[in-house]
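**Q** task: produce atomic coordinates for the following.
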Amino acid sequence: MIAEMQPRLHPGIYVFCSGIRDGLAADVAEVAKGSFVEDEGLSFIIPQEETVRFGIASGIPMRQITLMVRSALDGVGLTAAVSSALAAQGIPANVVAAARHDHVFVPADRAEEALAILLARQAEAQDGP
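**A** Below is the predicted model:
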């Protein structure tokens, strides 16, 4: 999967937020890129500009990189390879696995660098050991 991951950087900036008031959760969910129910409550990934509209404290500005390879929920190694490559360069990564693809959220100011690192990792995997 690493050799075929074809990372693609999306436009837009996203933030992770939590602690959304119950009355606001449905509205936030409509604009959310993703959500997860945690023990402490709902967490959302939303476009940064929506934080102002909803009066939500803005988190770290993140960009989304989608790994265009069709990933499998029982696949082994893709998340580790991606997060390790980015961690080696000091780039935080929040990997969100969905049914068809994995999505990596990285700090917005390092997104282009992260994309280059992932493309290099893909090329290495294509060249073999």
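
**Q** can you tell me the element residue 42 falls in?
**A** Here residue 42 sits within strand 41-47, counting by DSSP states H and E.

**Q** give me the next element, helix or strand, following that strand.
**A** Criterion used, DSSP H and E; the element after strand 41-47 is helix 50-54.

**Q** please list the residues outside the helix or strand just after that next one that contact it.
**A** Per DSSP H and E, the first helix or strand lying C-terminal to helix 50-54 is strand 62-67. With contact meaning CB atoms under 8 Å, 6 or more residues apart in numbering, strand 62-67 is reached by 5-10, 12-16, 33, 45, 78, 82, 94, 101-108, 111, 114-115, 118. No exception for glycine: its C-beta is placed from N, CA and C like everyone else's.

**Q** of those residues, which belong to helices?
**A** 78, 82, 111, 114-115, 118 (DSSP state H).

**Q** farthest pair in the residues you listed?
**A** 78 and 111 (19.3 Å; CB to CB).

**Q** below-threshold pLDDT in the chain: ranges please.
**A** For the chain, the stretches flagged by pLDDT under 70 are 71-75, 129.

**Q** what bridges to residue 46?
**A** residue 15 (DSSP bridges).

**Q** about what we covered before: could you flag which of the contacts of strand 62-67 are buried?
**A** Taking 16 or more other CB atoms under 10 Å as the criterion, what is buried in the contacts of strand 62-67 is 5, 7, 9, 13-16, 33, 45, 78, 82, 94, 101-108, 111, 114-115, 118.

**Q** list the contacts of the nearest residue to residue 4 once chain neighbours are set aside.
**A** Among residues not flanking residue 4 along the chain, residue 69 sits closest, at 4.4 Å (CB to CB, 6 or more residues apart in numbering). Counting by CB under 8 Å, 6+ apart, residue 69 touches 1, 4-6, 78, 101.

**Q** if we use 6 Å, what do you get?
**A** Neighbouring residues of residue 69 by CB atoms under 6 Å, 6 or more residues apart in numbering: 1, 4-5.

**Q** that one - that's part of a strand, no?
**A** No - applying DSSP: H, G, I helix; E, B strand; the rest coil, one finds residue 69 to be coil, outside a strand.
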